[in-house]
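J.: have a look at this prediction, sequence included:
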Amino acid sequence: MTRALLLLVLTLLGQPDTPRRGTEAWRAMKKRIAYDRVRAKYLRDEEASILKGLQRIESNLDRRRKEMQKLEREIAGLDVRLASLEDQRRFSKAALAEFRRQAGQRSAAMIRLRRTSIGRIVDRMRDPVEAQQLRERFRFVLRHDAGLLKGARVADAAVVEAEEGLAEKRASRAVARAKLETEIEEEALLEEERKALADAVRTERVAAERLVRELVSASRRLEDEMTRIRGDAPAPEPARGGFRAQRGRLPWPAAGRVEVTFGKRVDPGSGVVLVSNGLDLRAPQSAEVRAVYEGRVVYAGPFEGFGRMVILSHPGGFFSLYAHLESFAVRVGHDVAQFQLLGFVGDTGSTKGAYLYFELRNGRTPVDPLRWLVND
């Protein structure tokens, strides 16, 4: 075999599929369908649980955000009150400074009076009552100034105390806000994680449900095919238009029962879902294998996993593959007609006895042979 031909064969075939063992594939598929149905139900329940948890998280986030708004309003109100107290304190300090200035002036005047012997001035007053009144006036002025000074100090202390109280309250609100911000960030992160988990579970659940549907469809097709002998009825005359026009009109390559259909299937040993690129057709040892359409033999020889195998190239870029043959009736390079004998059913490369593996490809893409073979 030339290197170019080997590359062509490898491109056409890909990896060989795991062989089946009779109706065990059907039982494995039924078991896998039941398993995947349970799995899909579990994923639906898991998704519902995650979505319920998301609702709780969103509710908590909404409540915390409302608490944050309330705290921010309180902090804004405290800022306004603090600003007002600061204005009040500045005014109080200005008033106290003005009072101290005036009191200082009076004190200076009193000192000057003392220096001019205020007592002598009072003693010189003729009327003792006037002198007493003058003394009382001086005492009143002193008491009044002392009272004003004390009141100013008390008022200033009250403002300072109120400022400190508001500042402490604001600081506690700021701490509460910082804590709440951290909680909101953590809840938001948890929400994103839960959403990502919900998306992942939803994706897996959709895939599981799709797999169940596909396996159910494959199981029904397999049940239908396993009860029918295909390839006995004569095929219609080829339609005009080349290979592409033969959809649903190709003859069966051999007469037998379909054991494995195209698409997804279940390995009976491991329960793993596999994909079949063709059909397993159970047929008697040495039964004739014929070309489904005219073409050229591009490969005829042994191939790992497929035993003795023939590949035909058809007009329009289509290929047909016939594997596990007992022997060949053609060689590479031969042009063959539709219905021409290619070889005989065998068990080469097989672990389940004699059967024919048949595959159709449009270029490199496998297509379902059941959609191309005549439905007899």
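T.: Perfect, thanks for sending it. Remember, it's a predicted structure, so these values are computed and weren't measured experimentally.

J.: ok, residue 144 to residue 137 distance?
T.: To residue 137, residue 144 is 10 Å away according to CB to CB, to the nearest Å. Quick note: C-beta positions are derived from backbone N, CA and C, even for glycine.

J.: what do you get for residue 82?
T.: 43 Å.

J.: tell me what the helix or strand where residue 327 lies is packed against?
T.: Using DSSP states H and E, residue 327 sits in strand 318-328. Applying 3 or more CB pairs under 8 Å, 6 or more residues apart in numbering; DSSP states H and E, we find strand 318-328 packed against helix 3-13, strand 295-303, strand 307-314, strand 341-345, strand 356-362.

J.: what would these look like in a markdown table with distance to residue 328, mean pLDDT and mean neighbour count?
T.: What follows is these, written out as a markdown table (distance: least, CB to CB, whole Å; pLDDT from 0 to 100; neighbours: other CB atoms under 10 Å):
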| stretch | distance to residue 328 | mean pLDDT | mean neighbour count |
| --- | --- | --- | --- |
| helix 3-13 | 15 | 51 | 14 |
| strand 295-303 | 5 | 95 | 18 |
| strand 307-314 | 7 | 96 | 22 |
| strand 341-345 | 5 | 96 | 21 |
| strand 356-362 | 14 | 96 | 23 |
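
J.: residue 73: which of these is closest?
T.: Judged by CB to CB, the one of the helices and strands packed on strand 318-328 that comes nearest to residue 73 is strand 356-362, at 69.5 Å.

J.: send me the closest one as CSV with only the CA atoms.
T.: The C-alpha trace of strand 356-362 is given here as CSV (Å, rounded to 0.1, in the frame of the first residue of the first chain):
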residue,chain,number,x,y,z
LEU,A,356,-20.5,-7.1,7.7
TYR,A,357,-19.6,-3.6,8.8
PHE,A,358,-20.9,-1.1,6.2
GLU,A,359,-20.3,2.6,6.1
LEU,A,360,-21.1,5.5,3.8
ARG,A,361,-19.2,8.8,3.7
ASN,A,362,-19.8,12.1,2.0
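
J.: which residues are contacting that strand?
T.: Strand 356-362 is contacted by residues 12, 253-254, 256, 277-281, 283, 287, 289, 292, 306, 317-325, 345, 366-369, 372 when judged by CB atoms under 8 Å, 6 or more residues apart in numbering.

J.: which among those end up buried?
T.: Neighbour counting over those (16 or more other CB atoms under 10 Å) leaves 12, 253-254, 256, 277-281, 283, 287, 289, 292, 306, 318-325, 345, 366-369, 372 as the buried ones.

J.: just the pLDDT at residue 247, thanks.
T.: With respect to pLDDT, residue 247 scores 93.

J.: any idea how far it is from residue 347?
T.: In terms of CB to CB, residue 247 sits 31 Å off from residue 347.

J.: who does residue 319 form a beta bridge with?
T.: Beta bridges link residue 319 to residue 313, residue 361, judged by DSSP bridges.

J.: wait, it touches residue 313, no?
T.: Yes: because the distance of 5.7 Å satisfies CB atoms under 8 Å, residue 319 is recorded as touching residue 313.

J.: identify the contacts common to those two.
T.: What both residue 319 and residue 313 touch, as defined by CB under 8 Å, 6+ apart, is the set residue 298.

J.: follow-up on the earlier one: with neighbour numbers in mind, choose between residue 247 and residue 347.
T.: For residue 247 versus residue 347, neighbours defined as other CB atoms under 10 Å are more numerous around residue 347 (15 against 12).

J.: let me know the helix or strand that that one is in.
T.: Short version: residue 347 belongs to no helix or strand, going by DSSP H and E.

J.: what residues does it make contact with?
T.: 285, 307, 324, 326, 353-355.

J.: ok, which stretches of the stretch 1-150 of the chain are helices?
T.: All helices of the stretch 1-150 of the chain, identified by DSSP state H, counting those that start in this stretch, fall at 3-13, 24-115, 118-124, 128-226.

J.: out of those, which comes closest to residue 297?
T.: Closest of these to residue 297 is helix 3-13, at 11.0 Å (criterion: CB to CB).

J.: count residues in the vicinity of residue 180, would you?
T.: Residues near residue 180, counting by other CB under 10 Å: 17.

J.: stretch 294-310: end-to-end distance?
T.: 14 Å (CA to CA, to the nearest Å).

J.: so what's the gap between that stretch and the chain middle?
T.: 46 Å (CA atoms, centre = their mean, to the nearest Å).

J.: oh, and call the first residue 57 from now on, that's how I've got it
T.: Done: numbering now begins at 57, and the last item shifts to stretch 350-366.

J.: go ahead and name everything in contact with it.
T.: Contacts of stretch 350-366 (CB under 8 Å, 6+ apart): 57, 61, 64-65, 69, 71-72, 345, 367-371, 375-384, 386-394, 398-399, 402-406, 413.
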